[in-house]
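>>> predicted model, plus sequence, below.
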Amino acid sequence: MAAPKKGRSASAQSKPGRSLVLILIAIVALAGGMFASGHTTPRLGIDLAGGTSITLKAKADQGSAINKANMDTAVDIMNRRVNGLGVSEAEVQTQGTDHIIVNIPKGTNSKEAQQQVGTTAKLYFRPVLATEPTGAAATPSPGASSSASTTPNPKGSASANPSGSASTSGQKASSTSTGSPSAPATPQGRAVTDALKADAKATSSATPGASSSASAKSSANPSSTSSGAPTDGDTSKLQAQYAALDCSKPAQRATAGQNAKPGAPTVACGENDKVWFKYLLGPAAVDGTEVKKAQAVFDTQGAAGWQVQMSFTSSGAKKFGDVTAQLAQQAQSGQNQFGIVLDGNVVSAPSVSTAITGGQAEITGRFTQQEAQSLSNMLSYGALPLSFKEETVTTVTAALGGEQLHAGLLAGAIGLALVVIYLVIYYRGLSLVAMASLLISAILTYVLMALLGPAIGFALNLPAVCGAIVAIGITADSFIVYFERIRDEIREGRSLRPAVERAWPRARRTILVSDFVSFLAAAVLFIVTVGKVQGFAFTLGLTTVLDVVVVFFFTKPLMSLLARRKFFANGHKWSGLDPKGLGAKPPLRRTRRSAGPAAGPVDPKEA
Amino acid sequence: MSKLGNLGARLHRGEISYDFIGKRKIWYGVSILITITAIVGLAVRGLNMGIEFQGGAVFTTPTHMSASVAQAEDFAKSASGHEAVVQKLGNGSLRIQIAGIDTDKSDEIKQTLAKDLSLNPEKLNADLVGPSWGEQIANKAWEGLVIFMVLVVIYLAIAFEWRMAVAALVALIHDITITVGIYALVGFEVTPGTVIGLLTILGYSLYDTVVVFDSLKEQTKDITKQTRFTYSDIANQSINGTLVRSINTTVVALLPVAGLLFIGGGFLGAGTLNDISLSLFVGLAAGAYSSIFIATPLVADLKEREPAMKALRKRVMAKRAQAGAEGDPAEAGSGAGDEYDDAAPAVVGPRNQPATRNRGRGRSTGKRR
């Protein structure tokens, strides 16, 4: 794609078959991947699938500035919210400096989504009953989960290493944790079942107060031994849910912990050092609204670095004191973590070493400044660092989009047909090469679009369809540049084989330079713009790159092969390379004039 | 082979050629005229900014509406108190645009409108647009445009030379001005789709230009080592030699866009497809024109100001005068012939013209092998 380089041609040209095999293998591999992944159609954008698009404008009225960091945090949180609705296709993106666009494909309750997007988040503090890195054995066998919760600290960004850096230390810590020794064999199972039992007693207790009491109950008899086998229906259901949860899968991640009742235990996912952990969480101990304030501060005296200081409301302080006292007792069993759960995701899971009763707490850990600020933002605003005003709400029905898609595809087909007709009339036999190349290009484009949907969230919106159609022209352009070069060489009096090889370095140069300019335009558009324009630019860029790939690895090798065939080499009248027709200068260096129409220029390698 | 193939051959050999460089002043004039018209049109008529740029609501009805366009206009006006634009779409549904209403009012209007049109409000699609949405896109577009121009000038200056970069930039601005001017003059609505189309012209407009420049660069590699052609002569040959290629690439690029515009867009009425393809169509045509008539002559103009090229012109003129005096123009500069295999692959052509009048007149045609 870069500036044209000279003198790297020989190997590819001497073995045209190899390139063809290579590209066919690549196509088969990609197509195989596409069918294997099950994403056989490109993901459709909101305009084609239908849905709702909400544009929000940030208001700088909370004393927080509208800046990139805050906007990014907001997008992050909104993303969790809309995707928490059970749709993994919703898109949230910033637009400009102060706009956020939320696209929610159809099949979603758009009213609900609309409400959720701009409102404050649901933030809870829940005791962690069990945790383990995802991808581990599905069944939380006591030993395994116990070690999982004690060794790695589950939430790096927000907390701590096992070395104790993430202790939540109360400023007025009333008691030092002595820790009540619990049965070493089954700490995890015990805690889980205890908590679940407690929940079973306090069923459907929706208020935080009730849930707080529920957790208090669970801590009331920490040494009670209970059988590992849960008896309650809800309990076993939740444990099965926990066992089955695989947080490495985005789909599961999006749904886990969503719509969890504050008073009931739940499962959730959280990320730490790029590893997803799953959590079994007790009922909410403290509500996010009970956090009065949180801020990121740099600890200049101690060596703690960046930390987050929180202060609670009076009721929050009491509840927080209760839960930390209870958790601190379990420090030795590794059961002393609480999870800060935002919209069903564990954003941080610090461990507690002492009860914190004063209503003031600080979370320390190896935070960067940004991490500390982002966490404090979430804590103090209940999530959103900015408040937003709904600016536009666009409903697009699938029918409209589908119709446009239909028309676009029809137009594309007709445009393609016109191009093919033109090529056939003008280039005769050569047009078969062009058509085969266009076909390869089309297959590659389609397969890549289908694969890029799940991979990078590429969605085929209407402008992108338009871009793909327009790209037919770009792709055909490069063949024309090459074909005209070959014809010029033939006009010089060369026979086909040297003409094909001689024309290539020059055509290649031209193709690279002009494709680079196209790609540059697409790249700038992609980086600078957003939304619709971005989809269009992406498609253009993708097809430009594919154009280069196809010309280098398919068209050129195919030409080299075909140049050996009599039909083309002898300049058959219909080959498009008839020296006489092209007006080549005499004397024509042709010796095998006798050959009749050869078997036809069909490329045998082609699909 | 087709006649076009022969034409290509004759163009390639220089048997026939159009003197693009010699007549450049005419084409500059044409372009300046178009540009002035475009600017005047822009200043006087202004752009018909779409609803995305001024805010408002777009309601789309389901198909098979009994209400006529005029009725719908009345309904919309009474419901909103604003003028409404109603279009009938290809599928029979109505597109009702009401500019200048905000989000709060739209729901109310939607209900009233649905009632008036005897529709279930659920079936009436509402599309609410704030003015900043379009503005944002437009601002981004400007930003993208400027960034692209800077980058492309740098790239072309490195890959080719600064004169070509400048000429390409002028051609690019020319294309964009023409496209925008046509929008102003005809009164096409400017939508985000239009902006997208306009931005795509960036890459496309330069495609043809780059093809010609590439050929020009190649053919002028050793230009100072011969005394047969001036830079302008070779530039003219380059345009003529790549003319078929330029025409073909333009036609092939225009065909799918035309398909989108006339079939896709026309069949459906207004829509994103139409907006994008319309501006693309205009821009592509302008791009092809400017690469041939503006960019390359401009390079020749700039290049001829170089001392080396001036000296070359002097030598060429002297040689031609001498050859003319000797009465055998075919012999002139024959020593340079073999090096200029590509530059002057000509066979026969008009000859024996007075050397003094040959300036920039396809001198390439005078060579015999």
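Ah, there it is.

>>> all strands for the stretch 1-150 of chain B, in order.
When secondary structure is read from DSSP state E, counting those that start in this stretch, the stretch 1-150 of chain B shows strands at B:48-49, B:56-60, B:84-88, B:94-99, B:125-129.

>>> can you pull the contacts of the spatially most central residue of chain B?
To find the centre residue of chain B, average its C-alpha atoms and take the closest one (CA atoms, centre = their mean): that gives B:Gly287, at 2.3 Å. Counting by CB atoms under 8 Å, 6 or more residues apart in numbering or on different chains, B:Gly287 makes contact with B:171, B:175, B:201, B:204-209, B:250. Any C-beta I mention is one placed from the backbone N, CA and C, and that applies to glycine too.

>>> show me where chain B has its helices.
Under the criterion DSSP state H, helices of chain B are mapped to B:3-13, B:24-44, B:51-54, B:69-80, B:103-116, B:131-159, B:162-186, B:192-219, B:231-241, B:243-258, B:266-268, B:272-290, B:296-303, B:307-326.

>>> got the ones you listed as JSON lines, with distance to A:Ser248 and mean pLDDT columns?
Formatted as JSON lines, the helices of chain B follow (distance: least, CB to CB, whole Å; pLDDT from 0 to 100):
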{"stretch": "helix B:3-13", "distance to A:Ser248": "59", "mean pLDDT": "63"}
{"stretch": "helix B:24-44", "distance to A:Ser248": "56", "mean pLDDT": "88"}
{"stretch": "helix B:51-54", "distance to A:Ser248": "41", "mean pLDDT": "70"}
{"stretch": "helix B:69-80", "distance to A:Ser248": "51", "mean pLDDT": "76"}
{"stretch": "helix B:103-116", "distance to A:Ser248": "40", "mean pLDDT": "74"}
{"stretch": "helix B:131-159", "distance to A:Ser248": "36", "mean pLDDT": "80"}
{"stretch": "helix B:162-186", "distance to A:Ser248": "48", "mean pLDDT": "88"}
{"stretch": "helix B:192-219", "distance to A:Ser248": "37", "mean pLDDT": "79"}
{"stretch": "helix B:231-241", "distance to A:Ser248": "58", "mean pLDDT": "83"}
{"stretch": "helix B:243-258", "distance to A:Ser248": "42", "mean pLDDT": "84"}
{"stretch": "helix B:266-268", "distance to A:Ser248": "44", "mean pLDDT": "60"}
{"stretch": "helix B:272-290", "distance to A:Ser248": "38", "mean pLDDT": "82"}
{"stretch": "helix B:296-303", "distance to A:Ser248": "57", "mean pLDDT": "87"}
{"stretch": "helix B:307-326", "distance to A:Ser248": "66", "mean pLDDT": "81"}
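
>>> between those helices, which one is closest to A:Leu432.
The stretch from the helices of chain B with the least distance to A:Leu432 (CB to CB) is helix B:243-258; that distance is 15.9 Å.

>>> does chain B sit close to the longest helix seen in chain A?
Using DSSP H to assign secondary structure, the helix with the most residues in chain A is helix A:496-528. Yes: in terms of CB under 8 Å from any CB of the partner chain, part of helix A:496-528 sits within range of chain B, namely A:506, A:509-510, A:513-514, A:516-522, A:524-525, A:528.

>>> return the item of these having minimum pLDDT.
The member of those with the lowest pLDDT is A:Val528, at 73.

>>> residue contacts, that residue?
Contact analysis of A:Val528 by CB under 8 Å, 6+ apart lists B:140, B:143-144, B:147.

>>> now swap in A:Val447 and tell me
Under the criterion of CB under 8 Å, 6+ apart, the neighbours of A:Val447 are A:27, A:30-31, A:34.

>>> and it, what are its phi and psi?
Phi and psi for A:Val447, reported as degrees, to the nearest 10, are phi -60, psi -40.

>>> how close does it get to A:Ser441?
A:Val447 sits 11 Å away from A:Ser441, taking CB to CB, to the nearest Å as the criterion.

>>> check A:Leu540 too.
Taken as CB to CB, the span from A:Leu540 to A:Ser441 is 13 Å.

>>> the two: which is more packed in?
Each of A:Leu540 and A:Ser441 had its neighbours counted (other CB atoms under 10 Å in any protein chain shown), and the higher figure belongs to A:Leu540 (29 against 24).

>>> secondary structure element for the more buried one?
Using DSSP states H and E, the element containing A:Leu540 is helix A:531-550.

>>> after that helix comes which helix or strand?
Counting by DSSP H and E, the element after helix A:531-550 in chain order, helix or strand, is helix A:556-562.

>>> quick check: what element follows that following helix along the chain?
Scanning forward in sequence from helix A:556-562 by DSSP H and E, the next helix or strand is helix A:566-569.

>>> could you confirm whether that following helix reaches chain B?
No: using CB under 8 Å from any CB, helix A:566-569 stays clear of chain B, coming no nearer than 14.0 Å.

>>> packing partners for that helix?
Applying 3 or more CB pairs under 8 Å, 6 or more residues apart in numbering or on different chains; DSSP states H and E, one finds that helix A:566-569 contacts helix A:496-528.

>>> assumed A:Ile340 was part of a helix.
No: counting by DSSP: H, G, I helix; E, B strand; the rest coil, A:Ile340 is not found in a helix; it is strand.

>>> so it touches A:Ala361, yeah?
No: shown here, A:Ile340 and A:Ala361 do not form a contact pair, counting by CB atoms under 8 Å, at 11.2 Å.

>>> residue of the stretch 101-250 of chain A nearest chain B, please.
When you check the stretch 101-250 of chain A against chain B by CB to the nearest CB, the closest residue turns out to be A:Ile101, at 8.8 Å.

>>> quick check: bridge partners of that residue?
A:Thr55, A:Gln93 (DSSP bridges).

>>> what about it, distance to A:Lys57?
Plainly put, A:Ile101 is 10 Å away from A:Lys57 if you go by CB to CB.

>>> below-threshold pLDDT in the stretch 201-350 of chain A: ranges please.
Along the stretch 201-350 of chain A, segments meeting pLDDT under 70 span A:201-234, A:250-251, A:253-262, A:272-274, A:288-289, A:300-304, A:332-334, A:342-344.

>>> all helices for it, in order.
When secondary structure is read from DSSP state H, counting those that start in this stretch, the stretch 201-350 of chain A shows helices at A:208-220, A:233-244, A:250-255, A:314-329.

>>> state whether A:Glu390 is indeed within a strand.
Yes: counting by three-state DSSP, A:Glu390 falls inside a strand.

>>> is it correct that it is in contact with A:Ala58?
No: under the criterion of CB under 8 Å, A:Glu390 makes no contact with A:Ala58, lying 11.5 Å away.

>>> more neighbours: the two, which one.
Comparing A:Glu390 with A:Ala58 by neighbour count (other CB under 10 Å), the higher total belongs to A:Ala58, at 24 against 17.

>>> what strand or helix carries the more buried one?
In this structure, A:Ala58 sits in strand A:51-59 according to DSSP H and E.

>>> which other helices and strands does that strand contact?
Taking 3+ CB pairs under 8 Å, 6+ apart as contact, the helices and strands that strand A:51-59 lies on are helix A:68-83, strand A:99-105, helix A:110-118, strand A:387-396.

>>> least reliable of those by average pLDDT, please.
With a mean of 61, helix A:110-118 has the lowest mean pLDDT of the helices and strands packed on strand A:51-59.
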